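Colleague: give me coordinates for this.
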Amino acid sequence: MRRTYLGEFEEIVLLMVAILDGQAYGVTVSQEIEQHVGRLVTFGTVHNTLIRLEEKGFVTSELGGATTERGGRRKRLFRVTALGGRALQDIQQLRNELWQLVPPHTMKLSGL
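Modeller: Numbers count the residues shown, from 1 in each chain. The predicted structure follows:
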């Protein structure tokens, strides 16, 4: 089976896009990462990652409506593609398989 390889931050961003379900754009993704992961990230870092994920075919984007709070500018909203959804499933399966291989005594020794 062919595995999908994403960096840790790419995986987190892709998960946040899936969680936000059509309402994901740079600012919301940054805020959700900070809230749920406890990691401060800049808008630029998230934006670059979203563009990279779009180039890889894991997300797609479209411009939303213009808003007054954004000075009439439109938001670029991101959604997970079928390929992106499969990538997330592959990653989850791989992580679950690896966790099953960790000997139980290792978890006790490490305090996990």
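
Colleague: C-alpha only now, for contacts and for neighbours.
Modeller: Noted.

Colleague: pLDDT weak spots in this protein?
Modeller: Per-residue confidence of the chain (counting by pLDDT under 70) places the weak regions at 1-4, 70, 109-112.

Colleague: the longest helix seen in it: how far from the chain's middle?
Modeller: When the chain is parsed with DSSP state H, its longest helix is helix 82-101. Averaged C-alpha coordinates place helix 82-101 at 13 Å from its chain's average position (C-alpha atoms, centre = their mean, to the nearest Å).

Colleague: wouldn't L77 be in contact with L63 here?
Modeller: Yes: counting by C-alpha atoms under 8 Å, L77 does reach L63; the two are 6.0 Å apart.

Colleague: more neighbours, the two?
Modeller: Higher neighbour count among L77 and L63: L77, with 20 against 12, using other C-alpha atoms under 10 Å.

Colleague: the longest helix of the chain - contacts with which helices or strands?
Modeller: In this structure, helix 82-101 makes packing contacts with helix 8-20, judged by 3 or more C-alpha pairs under 8 Å, 6 or more residues apart in numbering; DSSP states H and E.

Colleague: and the helix it packs on, C-alpha only, in PDB?
Modeller: Backbone C-alpha positions of helix 8-20 (Å, rounded to 0.1, in the frame of the first residue of the first chain) are rendered in PDB as follows:
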ATOM      1  CA  GLU A   8       3.700  17.200  11.200                       C
ATOM      2  CA  PHE A   9       2.600  20.800  10.600                       C
ATOM      3  CA  GLU A  10       1.100  19.900   7.200                       C
ATOM      4  CA  GLU A  11      -0.900  17.200   8.900                       C
ATOM      5  CA  ILE A  12      -2.100  19.600  11.700                       C
ATOM      6  CA  VAL A  13      -3.200  22.200   9.100                       C
ATOM      7  CA  LEU A  14      -4.900  19.500   7.000                       C
ATOM      8  CA  LEU A  15      -6.800  18.300  10.000                       C
ATOM      9  CA  MET A  16      -7.900  21.800  10.900                       C
ATOM     10  CA  VAL A  17      -9.200  22.300   7.400                       C
ATOM     11  CA  ALA A  18     -11.200  19.100   7.800                       C
ATOM     12  CA  ILE A  19     -12.500  20.200  11.200                       C
ATOM     13  CA  LEU A  20     -13.500  23.700   9.900                       C
END
